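Asks: Could you look at this predicted model? Sequence included:
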Amino acid sequence: MNFLSSALKDSEGFLCDSTAELQLSPTAGHTHSSPPKHASFLRVTEWVKDEDTPTLPANQSRTEKIQDNHTAVRSDCYKHFTPRFKTSVLDQTTVAPPSGQAGLSLTAVIGYNGNGRNNMVWNPDTGLFVYSCGCVVVVEDLHTGSQKQWFGHNEEISTLAITHDAQTVASASGGGASHSSLICIWNASDGSCRNRLSYHKGAVQSLTFSRDDMYLLSVGDFSEPVVALWSTRSFELLCTIQISVPLHDASFCPFTANELTLVGSSAVVFTRIQTQDNSTELQVQKVSLPDTVGQAEVTSLCYSTRRILYTGTNSGHVCVWDCNTQRCFVTWQADGGEIALAPWMLPIPVFCASFGTQPSTGSQGFIE
């Protein structure tokens, strides 16, 4: 028998998300399944060199045409996802392996390319650790060291989220001028994809579950800053709202299930879920940054105790907000670069700047 297999083009730990051709005498009537049981998990990929996804540094501004001819401008920050590869067309034929021989299947993923945004989630109580590599969702049990892979996306995954009970994982991929993005809802226990959601025209910038796991929030990227709220009981779309500025991140309040905060270009958007009878809506209050900070991209956020919110900017500023009054009362310059992550660590949050700078807890403060 003559075997032909496609080559793997791998760069910086990136797992190519395509299916290799295993060509024997094709059997008539066989159709492609995703993923095929006896086919390889590899597919030829190539670097994107066209205008659809220009290979610019992540923090450089660029413009993008969307369907209504409106020109969207990429914000000057690293928080927005840019797919590195485009994939070839899926092979539409599958064949069974010869008698006594096994087909190709993915055993393990080694490495992490880190191209997504918020695409690594962890539940410390259960040991469930989930991250993305190309179009594959990689699931590891930190207690046993075992690894599984979930297949459901045909494009590179942009972001992930996990419920607080660690029973459900959400992953998002795709989005562009020709097609909408895809959100897959996974059962963490068996890896089955129980729902496939599609609403955002562009890429999904952020996914987050509410404190009680009753809601899933999805945020569109800079080309379409639309926020969508889903019910996790039926995964019905409850409501949407469009924000006037590009959004970079979102987080539900850990103290109440119906409050959350969005952050974006020079603004913090305090949001409340309002339900009445059978209707649900998002009520928003957009608040500008303090004058001492000026125009900046708000790139990260985290809640602390007593309903206090910390936000970080691409200029290295940290702002501290009272969620009750929606007012910033302290700012300081924590770093010279973009603050990409603000995990809460008692007694104070540790802010991590992007790309090579050291974590800092800040120094000089300003009372607003």
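Replies: Structure's in. What do you need? What you see is a predicted model, and the numbers here were worked out from it, not measured in a lab.
Asks: Run a quick neighbour tally on the nearest residue to Gly175 once chain neighbours are set aside.
Replies: Once its chain neighbours are removed from consideration, Gly175 has its nearest residue in Ser181; the separation is 3.3 Å (C-beta to C-beta, 6 or more residues apart in numbering). Glycine gets a C-beta too; all of them are placed from N, C-alpha and C. When neighbours are defined as other C-beta atoms under 10 Å, Ser181 has 24 of them.
Asks: Specify the beta-bridge partners of Ser181.
Replies: In this structure, Ser181 bridges to Gly174 when assessed by DSSP bridges.
Asks: any idea how far it lies from Ser234?
Replies: In this view, Ser181 and Ser234 are 20 Å apart by C-beta to C-beta, to the nearest Å.
Asks: just Tyr215 next, same as before
Replies: With distances taken as C-beta to C-beta, Tyr215 is found 12 Å from Ser234.
Asks: residues in contact with stretch 237-247?
Replies: Stretch 237-247 is touched from outside by 72-73, 75, 80, 197, 199, 205-206, 215, 219-222, 225-231, 262-267, 269, 280-282, 284, 286, with contacts defined as C-beta atoms under 8 Å, 6 or more residues apart in numbering.
Asks: Can you point out the buried residues in the host helix or strand of Thr261?
Replies: Using DSSP states H and E, Thr261 sits in strand 259-264. Of the residues in strand 259-264, 259-264 count as buried by neighbour count, 16 or more other C-beta atoms under 10 Å.
Asks: One more: stretch 220-234?
Replies: Within stretch 220-234, the residues that qualify as buried are 220-230, 232, counting by 16+ other C-beta under 10 Å.
Asks: how about the strands in the stretch 51-200 of the chain?
Replies: In the stretch 51-200 of the chain, strands defined by DSSP state E, counting those that start in this stretch lie at 63-65, 71-73, 85-87, 120-123, 128-133, 136-141, 147-151, 157-162, 168-174, 181-187, 193-197, listed in chain order.
Asks: same deal with the stretch 251-368 of the chain?
Replies: So, for the stretch 251-368 of the chain - with DSSP E, counting those that start in this stretch - the strands run 259-264, 267-276, 279-288, 298-303, 308-313, 317-322, 327-333, 339-341, 352-353, 365-367.
Asks: With mean pLDDT and distance to Trp150 as added columns, please give those strands in a markdown table.
Replies: Supplementary listing: the strands of the stretch 251-368 of the chain in a markdown table, determined by pLDDT from 0 to 100; distance: least, C-beta to C-beta, whole Å:
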| stretch | mean pLDDT | distance to Trp150 |
| --- | --- | --- |
| strand 259-264 | 96 | 27 |
| strand 267-276 | 95 | 29 |
| strand 279-288 | 95 | 30 |
| strand 298-303 | 92 | 27 |
| strand 308-313 | 94 | 31 |
| strand 317-322 | 95 | 36 |
| strand 327-333 | 95 | 41 |
| strand 339-341 | 78 | 25 |
| strand 352-353 | 54 | 28 |
| strand 365-367 | 37 | 45 |
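Asks: Which among those is found nearest to Thr163?
Replies: strand 259-264 (15.2 Å; C-beta to C-beta).
Asks: So which elements touch that closest one?
Replies: On a contact count with 3 or more C-beta pairs under 8 Å, 6 or more residues apart in numbering; DSSP states H and E, strand 259-264 meets strand 247-252, strand 267-276, strand 298-303.
Asks: ok and that strand relative to strand 298-303, angle-wise?
Replies: Relative orientation of strand 259-264 versus strand 298-303 (axes from the mean of the first three to the mean of the last three C-alpha atoms, to 10 degrees): 160 degrees.
Asks: tell me the angle of strand 259-264 relative to strand 308-313?
Replies: With the same axes, to 10 degrees as the criterion, the two stretches strand 259-264 and strand 308-313 enclose an angle of 20 degrees.
Asks: Let me know the angle separating strand 259-264 from strand 279-288.
Replies: Between strand 259-264 and strand 279-288, the angle formed by their directions is 50 degrees, by the same axes, to 10 degrees.
Asks: and the direction of strand 259-264 versus that of strand 317-322, what angle?
Replies: Angular relation of strand 259-264 and strand 317-322 on a 0 to 180 degree scale: 160 degrees, by the same axes, to 10 degrees.
Asks: shaky segments in this structure?
Replies: Applying pLDDT under 70 to the chain flags residues 1-81, 84-92, 94, 176-178, 342-368.
Asks: at 50 instead, please
Replies: In the predicted model, the chain carries pLDDT under 50 at residues 1-70, 345-347, 355-368.
Asks: hang on, the earlier thing: please render the buried residues of stretch 220-234 as a markdown table that adds secondary structure to the earlier fields.
Replies: Rendered in a markdown table, the data for the buried residues of stretch 220-234 read as follows (DSSP: H, G, I helix; E, B strand; the rest coil):
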| residue | secondary structure |
| --- | --- |
| Gly220 | strand |
| Asp221 | coil |
| Phe222 | coil |
| Ser223 | coil |
| Glu224 | coil |
| Pro225 | coil |
| Val226 | strand |
| Val227 | strand |
| Ala228 | strand |
| Leu229 | strand |
| Trp230 | strand |
| Thr232 | coil |
